[in-house]
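In: give me a 3D structure for the following:
(one chain, ligands or ions: 2)
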Amino acid sequence: MRQQWLFAPTLRDVPADADIASHQLMLRAGLMRQTAAGIYSYLPLGARVLEKIETIVREEMNAKEGQELLMPAIQPAELWEESGRLEDYGPELVRLNDRHGRDFVLGPTHEEVITSLVRDGVSSYKKLPMNLYQIQTKYRDERRPRFGVLRSREFIMKDAYSFDATKDGLDENYNKMYEAYSHIFSRCGLDFRAVVADSGAIGGTDTHEFMVLSDIGEDTIAYSDSSSYAANLEIAELPDLYEAGSTEGPAAEKIQTPNMKTISEVSEGLSVTPDQIIKSVLFIVEGKPVLALCRGDHDINDVKIGNLFKTVQVETATEEEVRTYLAASAGYIGPLGVSEEIEVVADYAVRAMTDAVCGANEDETHYKQVQPNRDLPSATFADIRFVQEGDPSPDGKGVIQFAKGIEVGHVFKLGTKYSEALGAQFLDENGKAQPIIMGCYGIGISRTLAAVIEQHHDEDGIIWPKSVAPFDLHLLTLNPKNEEQFELGEQLYKELTSQGYDVLFDDRKERAGVKFKDADLYGLPLRIACGKRANENIVEVKVRRTGEVEEVDVSELPQYLEKLYQTCM
Ligand code: ATP
Ligand code: MG
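Out: Ligands and ions are numbered 1, 2, ... in the order given. I've put the predicted structure just below:
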């Protein structure tokens, strides 16, 4: 297409709230404009990239027996009442009324609608398994929309839902989606990890998040430096690799510790290292007191506490509750001599401690000479702390490192949560009614676009991977007033287009410097400039990613470009 026609207004100055590269570049390169806070219009270049990503997604979903459908953005509130999410979803749910006062929501996701469709359309195990997907606009009234389309209030999602008669069937569908997602994000040129995530109360491997590695990511990933192990920080496991500590020595003894409430105050005051101090934190788990212990240089992970008790109701006790149960302030509590109503859970590393220090449940007092392996006979030892960099990887290979990630996709085993709530049943081989077993699988299409730019740019602009670039080639006539340049440009535009390239042709009457700047900003994989040597039939070819420039004779251009384009990422 001729650039003259292209609506892609470039910007020199971006608003101050655009503080990350992808947000700035999407504005500067005219891919999008903000229409309201957290709500964007995609201009033609942006729309082209979205379409490229969507094509990749469709191809990979179809390859796994996914069937595309299209559901409405407006959904009746009654469906959300049936699932119980009308209240549970909270203020992110956008609600509205029609002229008759009926309640609707703007769909943030489509479990309710799809389950109601399948409830009415599938009755026998013979129709299962099934996988249905759509690419559609979602609405979430995010508390803090930010980072442009990375966290917006209206965004494009691919959401898929699988339906099975058996758990094994669900596993199979889940693995297929996992594979499809890996292909999709690889094809988009992304460096990503599929990380084990927290699935709510039960934990385990029933959900993975696909994370694009990036310093601006909001999530921390713990991954092994020498295997494919990767997990969200909240749930990264730690095996019990410790040797149990001593059971010998004199009994634990109380000592006065005025003004030593924190680990560092105790450490300084008693001249011990933090790993010799037991950190004690009181939680209220489903209404009951639980005293959790870890080493002073570690941190207790409340998600793991929840997983241990199979609940999400885990609160840190208030100062008042601490005093009621343990008769001391939070800085002086500990596990020795607590009443039986308080359950004590300790991290594996605590059992390995010898001659430890812990709070004595008396203000300004600690115990010393504590041997956890001897003195905590009724404690449960488990993995309840956060991993740290340098900890061993749970698969036994390498050590843990941290990275930041942007969540672009999510695969999740739903089980029968929605089919039971909405009554979506099938008759099994024995004619018995059973709830359909479901999975759900989301990809943020618009977030993926921004994530690609986060990973592929430099100070001059975007560097598109060719798989998602809005055009394949950028052809420039540097001075269209010069007849030879003009004619060569027109000739190449025709030829390259007929060779199958999608060409953006800059024949505008602008200075060469302006054209080069725009070309770098737009970031198409290859740039071909007809300039001063047009009279000799020589053009200049530049690879955007490497900056390599070469002069090429027009007669050799087709073969040259074919080879070069193949080597482009
Ligand atoms: P987040 O933790 O980032 O809020 P989520 O867990 O709410 O994400 P899901 O409900 O799993 O996200 O949605 C599926 C996908 O939709 C996400 O993996 C992400 O790529 C995308 N997505 C979710 N919320 C937004 C948003 N506000 N803007 C853009 N994309 C989003
Ligand atoms: Mg969210």
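In: tally of neighbours for P9?
Out: Close neighbours of P9, defined as other Cβ atoms under 10 Å, add up to 11. Every C-beta, even on glycine, is put in place using the N, C-alpha and C of the backbone.
In: can you report phi and psi for the closest residue to it other than its chain neighbours?
Out: Sequence neighbours aside, G30 is the residue nearest to P9 in space, at 4.6 Å (criterion: Cβ to Cβ, 6 or more residues apart in numbering). The phi/psi pair for G30 (degrees, to the nearest 10) reads phi 70, psi 30.
In: top strand in the chain by residue count?
Out: strand 400-415 (DSSP state E).
In: buried set for the next helix or strand after it?
Out: Using DSSP states H and E, the helix or strand that follows strand 400-415 in sequence is helix 417-422. Of the residues in helix 417-422, K417, Y418, S419, A421, L422 count as buried by neighbour count, 16 or more other Cβ atoms under 10 Å.
In: then stretch 84-91?
Out: In stretch 84-91, counting by 16+ other Cβ under 10 Å, buried: R85, L86, Y89.
In: quick one: the second one is in a helix?
Out: Just to be clear, that refers to L86. Yes - remark: L86 belongs to a helix, assigned using DSSP: H, G, I helix; E, B strand; the rest coil.
In: which non-adjacent residue is nearest it?
Out: According to Cβ to Cβ, 6+ apart, the nearest residue to L86 is W80 (4.0 Å).
In: what comes into contact with the host helix or strand of that neighbour?
Out: Per DSSP H and E, W80 falls inside helix 77-83. Here helix 77-83 makes contact (Cβ atoms under 8 Å, 6 or more residues apart in numbering) with 86, 89, 93, 95, 102-105, 111-113, 115-116, 418, 421-422.
In: just the ones in strands from these, please.
Out: Using DSSP E, the contacts of helix 77-83 in strands are R95, D103, F104, V105.
In: what about Q134, which SS state?
Out: Assignment for Q134 (three-state DSSP): strand.
In: how close does it sit to ligand 1?
Out: 13 Å (Cβ to the nearest ligand atom, to the nearest Å).
In: quick one, helices of the stretch 351-500 of the chain?
Out: Ranges of helices within the stretch 351-500 of the chain are 372-375, 417-422, 445-455, 483-498, based on DSSP state H, counting those that start in this stretch.
In: which of those is buried the deepest?
Out: Among the helices of the stretch 351-500 of the chain, helix 445-455 has the highest mean neighbour count (mean count of other Cβ atoms under 10 Å), at a mean of 26.
In: could you name the helices and strands sitting against it?
Out: helix 21-28, helix 44-62, strand 154-164, strand 207-213, strand 400-415 (3 or more Cβ pairs under 8 Å, 6 or more residues apart in numbering; DSSP states H and E).
In: mean pLDDT, distance to ligand 1 and mean neighbour count added to those, as a markdown table?
Out: As requested, these are exported to a markdown table (pLDDT from 0 to 100; distance: least, Cβ to the nearest ligand atom, whole Å; neighbours: other Cβ atoms under 10 Å):
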| stretch | mean pLDDT | distance to ligand 1 | mean neighbour count |
| --- | --- | --- | --- |
| helix 21-28 | 98 | 12 | 23 |
| helix 44-62 | 98 | 12 | 19 |
| strand 154-164 | 98 | 4 | 24 |
| strand 207-213 | 95 | 7 | 24 |
| strand 400-415 | 96 | 4 | 21 |
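In: distance to G269 added to these, as a markdown table?
Out: Output for those, formatted as a markdown table (distance: least, Cβ to Cβ, whole Å):
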| stretch | distance to G269 |
| --- | --- |
| helix 21-28 | 47 |
| helix 44-62 | 58 |
| strand 154-164 | 52 |
| strand 207-213 | 42 |
| strand 400-415 | 31 |
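In: so for C568, which of those sits nearest?
Out: helix 44-62 (14.6 Å; Cβ to Cβ).
In: which strands and helices lie in contact with that closest one?
Out: Taking 3+ Cβ pairs under 8 Å, 6+ apart as the contact cut, helix 44-62 packs with strand 67-68, strand 130-139, strand 154-164, helix 167-187, helix 445-455.
In: could I get the buried residue list for the fourth one?
Out: For helix 167-187, the buried set under the neighbour-count rule, 16+ other Cβ under 10 Å, comprises G169, L170, N173, Y174, K176, M177, Y178, A180, Y181, I184, F185, R187.
In: okay, those residues in TSV with distance to D219 and pLDDT next?
Out: As requested, the buried residues of helix 167-187 are arranged in TSV below (distance: Cβ to Cβ, whole Å; pLDDT from 0 to 100):
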residue	distance to D219	pLDDT
G169	30	97
L170	25	96
N173	25	98
Y174	21	97
K176	25	98
M177	20	98
Y178	18	97
A180	22	98
Y181	16	98
I184	19	98
F185	16	98
R187	23	98
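In: what parts of this structure come near ligand 1?
Out: 109, 140, 142, 151-152, 155, 157, 407-410, 442, 444, 446-447 (Cβ under 6 Å from any ligand atom).
In: those residues: which two are farthest apart?
Out: Farthest pair in these, by Cβ to Cβ: E142 and G409, 18.2 Å.
In: which stretches of the stretch 251-400 of the chain have low pLDDT?
Out: Applying pLDDT under 70 to the stretch 251-400 of the chain flags no residue at all.
In: now it against ligand 1: closest residue?
Out: V303 (14.3 Å; Cβ to the nearest ligand atom).
In: so where does that residue fall, helix or strand?
Out: Using DSSP H and E, the element containing V303 is helix 302-309.
In: just checking, what packs against that helix?
Out: Using 3+ Cβ pairs under 8 Å, 6+ apart, helix 302-309 is in contact with strand 278-285, strand 288-295, strand 314-316, strand 380-382.
In: let's go with 7 Å and repeat that
Out: strand 278-285, strand 314-316 (3 or more Cβ pairs under 7 Å, 6 or more residues apart in numbering; DSSP states H and E).
In: right, and the helix or strand after the last one?
Out: Put plainly, it is strand 314-316. helix 319-326.
In: chain center to that next one: distance?
Out: Distance of helix 319-326 from its chain centroid, counting by Cα atoms, centre = their mean, to the nearest Å, is 38 Å.
In: also stretch 355-369?
Out: Using Cα atoms, centre = their mean, the offset of stretch 355-369 from its chain centre is 42 Å.
In: and if you look at stretch 12-29?
Out: With Cα atoms, centre = their mean, you get 22 Å for stretch 12-29.
In: and E389, how far from D225?
Out: 10 Å (Cβ to Cβ, to the nearest Å).
In: what's the overlap in contacts for these two?
Out: Q401 (Cβ atoms under 7 Å, 6 or more residues apart in numbering).
In: give me the more crowded residue out of these two.
Out: D225 (13 against 10).
In: ok, the closest residue to that one other than its chain neighbours to S227 distance?
Out: In this structure, D225 finds its nearest non-sequential neighbour in G398, 4.5 Å apart by Cβ to Cβ, 6+ apart. Separation of G398 from S227 (Cβ to Cβ): 6 Å.
In: K304 now?
Out: Taken as Cβ to Cβ, the span from K304 to S227 is 22 Å.
In: those two - which one has more neighbours?
Out: The neighbour comparison of K304 against S227 (other Cβ under 10 Å) goes to K304, with 25 against 13.
In: once you drop chain neighbours, what's closest to that one?
Out: In space, K304 is closest to I384, 4.7 Å off (Cβ to Cβ, 6+ apart).
In: wait, the one you found sits on V303?
Out: No - the pair I384 and V303 does not pass the contact test of Cβ atoms under 7 Å, sitting 9.5 Å apart.
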